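1. Here is a sequence together with a model predicted from it:
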Amino acid sequence: MTSLDSLKVASPCPMKWKDMRGDDRVRTCARCRLQVYNLSVMTRAEATSLLEEKKADGLCATFVRRADGNILTKDCRGGFSEAFWEKYGSVERTGMIVLVGAAFTALFFAAVVTIFGDNIRMLFGQGTTGALAGDTTVTKRTKSRH
């Protein structure tokens, strides 16, 4: 178990991360003038290393803890275990490739039908007569004489 897995917060700071000055990784608290580290934008290795380095001095940090109790880090897989991604990660990539391929195929055929639709219909004997749907034909009537 690493120091990241056993991280506990004795007394949370009332200061908000959004109110501190700095970047996404480190900000300075206006109240106590200490540096506050955002563990959730670091990889698991970076966060663990930082915790070990600052262990003696103490560390102010902000982080997101998932519902399963683990701390969310940059290289975290959105709540799924690493074993899941090791087992099914290639299936996910393959599925995305198939999905994108199907979308491009559908777009290609839609473009072909849009551009060459009349020629395709003629090929299958369903050509158009040149009239638009709903057009009516008007013939001139002559009056008959009695």
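-> Thanks, I have the structure now. Numbering: from 1, shown residues only.
2. which residues of this protein score low on pLDDT?
-> Residue ranges of the chain with pLDDT under 70: 1, 77-90, 126-146.
3. try 80
-> 1-5, 10, 56-58, 67-69, 75-93, 117-146 (pLDDT under 80).
4. per the record, what domains does it have?
-> In terms of domains, the chain is parsed into 17-72, 80-124 (source: automatic domain parsing).
5. Buried deepest among the ones you listed, which one?
-> domain 17-72 (a mean of 14; mean count of other Cβ atoms under 10 Å). Using the backbone N, CA and C atoms, a C-beta is placed for each residue, glycine as well.
6. rewinding a little: got the domains of the chain as a markdown table, with distance to residue 8 columns?
-> Shown next, in a markdown table, are these (distance: least, Cβ to Cβ, whole Å):
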| stretch | distance to residue 8 |
| --- | --- |
| domain 17-72 | 11 |
| domain 80-124 | 22 |
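7. how far does stretch 21-38 sit from the chain's center?
-> Distance of stretch 21-38 from the chain centroid (Cα atoms, centre = their mean, to the nearest Å) equals 29 Å.
8. and it, C-alpha only, in CSV?
-> The C-alpha coordinates for stretch 21-38 follow below in CSV (Å, rounded to 0.1, in the frame of the first residue of the first chain):
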residue,chain,number,x,y,z
ARG,A,21,-3.3,31.8,-7.3
GLY,A,22,-1.2,29.5,-9.5
ASP,A,23,-1.6,26.9,-12.1
ASP,A,24,-3.5,23.6,-12.3
ARG,A,25,-0.7,21.8,-10.5
VAL,A,26,0.4,24.1,-7.7
ARG,A,27,-1.3,27.1,-6.1
THR,A,28,-0.5,29.4,-3.2
CYS,A,29,-3.1,29.7,-0.4
ALA,A,30,-3.7,33.3,0.5
ARG,A,31,-4.7,32.4,4.1
CYS,A,32,-1.6,30.4,5.2
ARG,A,33,0.8,31.3,2.3
LEU,A,34,1.6,27.6,1.8
GLN,A,35,1.8,25.8,-1.5
VAL,A,36,-1.1,23.5,-2.3
TYR,A,37,-0.6,20.7,-4.7
ASN,A,38,-3.4,19.2,-6.9
